[in-house]
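Q: no FASTA, just this:
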């Protein structure tokens, strides 16, 4: 049994999960305390690390998803700055850089997720802290999955509805699938809750044995 | 649910059955302690005892194992073998899935894995929600045999919630029926006639596929597949769990990569997915139907008509995410009906559908055909053959043959 898991790890260059978590916590602090000039270096280093543990195609996917989340917010922020006459591109880029860095650090943690290591951590963390951490990581993981699934359905069913119609029509459709994503994400959170009640306690007992 | 008296003895295999929305899944969640401890909005009165304990206590002591209907969030690990390793269970029967992430495994493979884990966990009460919707008939027989031997050898009690009595009746010891009255009143409403306007004789093709090759994570799913779907007809794609039916539908919609000499499908197409089962964007069934009516240029009055056609009129105020799987599938069918696509792609249409909802699905197909639209339906259930005009069976390794 162990040989399969080891073979799997060898082929995929999995980063130790505790290290990935430590990176996530460090980066969460560093992006706010480091001088702005150091931010590009940190961003580059994390991107290279992600590239090391995943395939280039996955990095492209990740950047696409990041853009999907952030572009509407960045555009709104830019428009607002123009309207109120306080355009500050440097500030906008710094914020985007910080969000991207946190996004990549989270992706590294999710990619390196190891249930076995997490269960070992549970003994030290206590049950409640363990559940909170597990819920956060599982939801982080499912958010990208759910987003992709919901977009697939809406892309197939509604993409032709607007046709050559206005920007407003497309914005309305975006709002429709974003709402679907939000609802489905909430449901997934409950399902993870169901799983925790019925499965994780048993898993913890097995770990303690 | 009201006044549900029922008891199951140790070592028994019981089937809880009833129409969509009769409360089968809810009952299992009550027995697992999830209701009202996770879903706090529910109120449970009366007495529920599992081995003399409250359901939550029994679950916490590891006496209860639950396999839900929507299984994707239920895994701890990222890969099948890691999951089994964490739970200290043998890999037997799953070694071929070892290096594949949980996300890419089929619904049936995941359900079988969760059932295997539930049995291996040593729990004394095994709760399974809708196994027939997820498993092809061969795997279902194998899973039920596993459950029966757990019941005999370990005195484990098994409760299966499922609406397919015919497939399971011979395999279980007792049958508990919920919501019988509801089924009768619902099926009365379903016998309304659909739009009888018949378009001119359908001519031409709704879909054409030439030499399609499809693989996922290095596994060849389909090799050199070619087929045509005429307008006004329905094609079935039959196959066992994990052979690539869902991936094929996605390839037709160009939502996944493939190689082919050519793929043509009529647009607009409408896709009802198996994953996610729920993809609704509003807070009520009425609002969802109204949104689609608006988007597809239909009159507001049609919402009521469509709700009645799809037996949703008593659910109009409900949040779509609180519907049972069968009810959610009916809502998805109603949305497809409103959208009036040229081509409907439906993944596992029989998932969670009771007999009267199956009739609705048949009527939806008829209504599409009358409009010269077409459908491509993927399912593991052999019942599919009766519902479509022609059928292809996908075999492991990428081979394809005509359904027997």
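A: That came in fine, so what should we check first? The model shown is predicted, which means the values in this text are computed figures rather than measured ones.
Q: hmm, the longest helix along chain A touching chain B?
A: Longest helix of chain A, by residue count under DSSP state H: helix A:127-162. Yes: counting by CB under 8 Å from any CB of the partner chain, chain B is contacted by helix A:127-162 at A:138, A:142, A:145-146, A:149-150, A:152-158, A:160-161. For glycine as for every other residue, the C-beta is placed from the backbone atoms N, C-alpha and C.
Q: Would you mark the buried spots in that helix?
A: By neighbour count on 16 or more other CB atoms under 10 Å in any protein chain shown, the buried set for helix A:127-162 is A:130-131, A:134-135, A:137-138, A:141-144, A:146-147, A:149-154, A:156-158, A:161-162.
Q: got a list of what residue 101 touches?
A: Unless you meant another one, I'm taking chain A. A:27, A:31, A:39, A:42, A:43, A:46 (CB atoms under 8 Å, 6 or more residues apart in numbering or on different chains).
Q: That was the other one, I meant chain B.
A: Counting by CB under 8 Å, 6+ apart, residue B:101 makes contact with B:78, B:79.
Q: Where do the domain boundaries of chain B fall?
A: B:13-177, B:205-402 (the TED database).
Q: These: lowest mean pLDDT?
A: For these, the bottom mean pLDDT is recorded on domain B:13-177, which sits at a mean of 84.
Q: How far does that one sit from its chain's centre?
A: Offset of domain B:13-177 from its chain centre (CA atoms, centre = their mean, to the nearest Å): 15 Å.
Q: okay, now residue 47: neighbour count?
A: Since no chain was named, I'll use chain A. Counted with other CB atoms under 10 Å in any protein chain shown, residues neighbouring residue A:47 total 17.
Q: hmm, I had chain B in mind actually
A: Neighbours of residue B:47 under the rule other CB under 10 Å: 6.
Q: Count the neighbours of residue 104 for me.
A: With no chain named, the answer covers chain A. Applying other CB under 10 Å, we find 25 residues neighbouring residue A:104.
Q: was after chain B, sorry
A: 13.
Q: contacting residues for it?
A: Residue B:104 sits next to B:216, B:217 when contact means CB under 8 Å, 6+ apart.
Q: Now the contacts of residue A:101 in TSV, please, with extra columns for pLDDT, distance to residue B:299 and neighbour count.
A: TSV is the format used below for the contacts of residue A:101 (pLDDT from 0 to 100; distance: CB to CB, whole Å; neighbours: other CB atoms under 10 Å in any protein chain shown):
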residue	pLDDT	distance to residue B:299	neighbour count
A:27	90	54	23
A:31	87	53	20
A:39	89	55	18
A:42	91	57	19
A:43	90	53	17
A:46	90	54	20
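Q: so which strand or helix has the residue lying closest to residue B:205 once chain neighbours are set aside?
A: Leaving out its chain neighbours, the residue that sits closest to residue B:205 by CB to CB, 6 or more residues apart in numbering or on different chains is residue B:228, at 5.4 Å. Counting by DSSP states H and E, the element that carries residue B:228 is strand B:219-230.
Q: for that strand, the distance to its chain's centre please.
A: Centroid displacement of strand B:219-230 relative to its chain, using CA atoms, centre = their mean, is 23 Å.
Q: got the buried residues for it?
A: Buried positions in strand B:219-230, judged by neighbour count with 16+ other CB under 10 Å: B:221, B:222, B:225, B:229, B:230.
Q: what's near enough to touch the third one?
A: Translated: residue B:225. Counted by CB under 8 Å, 6+ apart, residue B:225 has contacts B:209, B:211, B:212, B:213, B:214, B:248, B:392, B:400.
Q: Return the member of those nearest to chain A.
A: Using CB to the nearest CB, residue B:248 comes nearest to chain A of the contacts of residue B:225, at 14.0 Å.
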